[in-house]
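Student: Curious how this folds, go ahead:
(2 chains)
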2 protein chains.
Amino acid sequence: MQLHLIKIGGNILDNPVAYEQALDDLTTLDGAKILVHGGGKLATQLSQKLHLEPNLIDGRRVTDAATLEVVVMVYAGLINKKIVAGLQARGENALGLTGADLNFIGSQKRKKGDIDYGFVGDIVKIDAKGIKKCLDDGIFPVFSPITHDGNGQLLNTNADTIAAQLAIALSPFYDVTLQLCFEQKGVLLDSKDENSVLLYLDSAKYAQLKANNSIHSGMLPKLENAFNALDQGVQKVIICHANQILGKNGTQLIV
Amino acid sequence: MQLHLIKIGGNILDNPVAYEQALDDLTTLDGAKILVHGGGKLATQLSQKLHLEPNLIDGRRVTDAATLEVVVMVYAGLINKKIVAGLQARGENALGLTGADLNFIGSQKRKKGDIDYGFVGDIVKIDAKGIKKCLDDGIFPVFSPITHDGNGQLLNTNADTIAAQLAIALSPFYDVTLQLCFEQKGVLLDSKDENSVLLYLDSAKYAQLKANNSIHSGMLPKLENAFNALDQGVQKVIICHANQILGKNGTQLIV
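Tutor: Sure, this is the predicted structure:
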């Protein structure tokens, strides 16, 4: 059976037309479906309104206690529940989740190395059978990028990683298509040219683009996650714009 | 089979010791369990930090669009997910919900009468069978006081009312004990004397206390909800302090 595992950025909420269209598109997909959403700009905006100083170490954002509260409010509260209500209005039996709910995703607080990232969790356990039971019951799970350590601590976790790890964990039960949607049409050969989308990207080409700096910053962990998923049983990975959920465009990764 | 339907105020989160104790107590209750939580002071505090003017008409709070976002963030996000993580840490298979999740609680926006309350929802539909299925699966549902209209709109809904309506809807399947916890030890004969707790309150006595103004303001809708539940099949209703979840004190309502 087919499972569509789709990740959208939280910033899609900033554009009401694109957002409504994305929800419409999700309803037309066949088979089982899971949505994972990120946080986008809303959490940053709320932090600014609350005058929280962005806590950056070596350019990387640290999730301190106050920031954790903000991301739990924005991701697990506002964004998640708006999406759930929007999907329910379209007849989809959506259920909004964090990793703490039903203990579906357990993580551990990232060890302090050179950098202490604060309340950031790395996934250690996914209850694939429990999630499969939801899907079998016709439920459409909607995951916010919040997990827990099993000792009562919520943790901020990268949405791309959650999507890729869920795709891997569920691949024994389904033919999984993992679709990572973001603000560009796909992986670009030239990051300054929106029309230079690669239709296919294999790991050799990826290594080459990485070496000559054509792919950099946020795209690197996204592609690492994606190739990792492909290596571990996920059948198809597509990187595309959120207005391409129906999958007629974007970059398909191949091993 | 026994079902404990417990409502706690969000303000219990303000007191970490009482909060941890309440979660401990919840784990020791036998039978099926549902928790409904309110919002308490956290939503007001966040509104103040965001410089949202409290929108009051005739002394009653109005949920405008900005306030709705705040309550969704605080209730469905921060409070709900902290409780879920805390219960999971205690081995309870908690699932945090709004009425939109799984379409469990449908409401309609309150009609504009003399006062327009804004984004406030009155419950019109509860999926008792769906909730029973969760309970049969060993799940501990945790409801935040947010519902939806089925057309994509989230709505702010009184937590006492949600608790009472859930108790009524589930009473055909369970022996339901409804426990409304708040900041006092029970219904007080003299609102200025904490030790004047009534052990039992019947509707005749209630009418009398209401008439002589011994019971007033927030206690009135709480008791209306509670007596209504008792009239409609709920077996037992207790009003008590959140540190009395185990039910050895408080006021028991009788018809």
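Student: so A:A43 makes contact with A:V74?
Tutor: Yes. Counting by Cβ atoms under 8 Å, A:A43 does reach A:V74; the two are 4.4 Å apart. The C-beta positions use only the backbone N, C-alpha and C, and glycine is treated the same way.
Student: Identify the contacts common to the two.
Tutor: A:G10 (Cβ atoms under 8 Å, 6 or more residues apart in numbering or on different chains).
Student: Those two: which is more packed in?
Tutor: A:V74 (28 against 21; other Cβ atoms under 10 Å in any protein chain shown).
Student: ok, that one - contacts?
Tutor: A:G10, A:G39, A:L42, A:A43, A:L46, B:M73, B:G77.
Student: Check which helix or strand the fifth one maps to.
Tutor: Secondary-structure assignment from DSSP states H and E places A:L46 in helix A:41-49.
Student: average model confidence for the helix or strand following that helix?
Tutor: Using DSSP H and E, the helix or strand that follows helix A:41-49 towards the C-terminus is strand A:56-57. Average pLDDT, strand A:56-57: 74.
Student: Paired strands for strand A:56-57, with orientation please.
Tutor: strand A:60-61 (antiparallel) (DSSP bridges).
Student: Highest neighbour count among the contacts of A:V74?
Tutor: B:G77 (30 neighbours).
Student: Give the helix, strand or coil label for that residue.
Tutor: helix (DSSP: H, G, I helix; E, B strand; the rest coil).
Student: got a list of what it touches?
Tutor: A:V72, A:M73, A:V74, A:Y75, A:A76, A:G77, A:L78, A:N80, A:K81.
Student: leaving aside the residues next to it on the chain, what's closest to it?
Tutor: A:G77 (2.2 Å; Cβ to Cβ, 6 or more residues apart in numbering or on different chains).
Student: If I look at the one you found, what pLDDT would I see?
Tutor: Taking A:G77 on its own, its pLDDT is 97.
Student: quick check: mean pLDDT across the helix holding A:L46?
Tutor: For helix A:41-49, mean pLDDT is 89.
Student: swap in stretch A:19-26?
Tutor: Here the average pLDDT along stretch A:19-26 is 94.
Student: Make TSV from the contacts of A:V74 and add distance to A:Q165 to it.
Tutor: Output for the contacts of A:V74, formatted as TSV (distance: Cβ to Cβ, whole Å):
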residue	distance to A:Q165
A:G10	19
A:G39	18
A:L42	24
A:A43	21
A:L46	27
B:M73	26
B:G77	22
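Student: quick one: which of these is nearest A:S191?
Tutor: Nearest to A:S191 among these: A:G10, at 22.0 Å, using Cβ to Cβ.
Student: contacting residues for that closest one?
Tutor: A:H37, A:G38, A:G39, A:G40, A:K41, A:L42, A:A43, A:V74, A:Y75, A:I79.
Student: Next, count neighbours for the closest residue to the first one other than its chain neighbours.
Tutor: Spatial nearest neighbour of A:H37, excluding adjacent residues (Cβ to Cβ, 6+ apart): A:I8 at 5.3 Å. A:I8 has 27 neighbours, counted by other Cβ under 10 Å.
Student: again with A:S191
Tutor: By other Cβ under 10 Å, neighbour count at A:S191 equals 16.
Student: show me what contacts A:G99?
Tutor: For A:G99, the contact set (Cβ under 8 Å, 6+ apart) comprises A:I105, A:G106, A:S107, A:G121, A:I123, A:F143, A:I146, A:T147, A:H148, A:T157, A:I162.
Student: Three-state assignment for it, please.
Tutor: Once three-state DSSP is applied, A:G99 turns out coil.
Student: In contact with the residue lying closest to A:A100 once chain neighbours are set aside: list those residues for me.
Tutor: In space, and not counting its chain neighbours, A:A100 is closest to A:H148: 3.8 Å by Cβ to Cβ, 6+ apart. A:H148 makes contacts with A:T98, A:G99, A:A100, A:N103, A:I105, A:G106, A:S107, A:G121, A:L154, A:L155, B:A85, B:Q88, as judged by Cβ under 8 Å, 6+ apart.
Student: Neighbour-wise, give me the winner out of those residues.
Tutor: Of the contacts of A:H148, with other Cβ under 10 Å as the count, A:A100 tops at 34 neighbours.
Student: Now do stretch A:199-217: distance to the chain's middle.
Tutor: 21 Å (Cα atoms, centre = their mean, to the nearest Å).
Student: Show me which residues of it are buried.
Tutor: A:L201, A:K205, A:Y206, A:L209, A:S214, A:I215 (16 or more other Cβ atoms under 10 Å in any protein chain shown).
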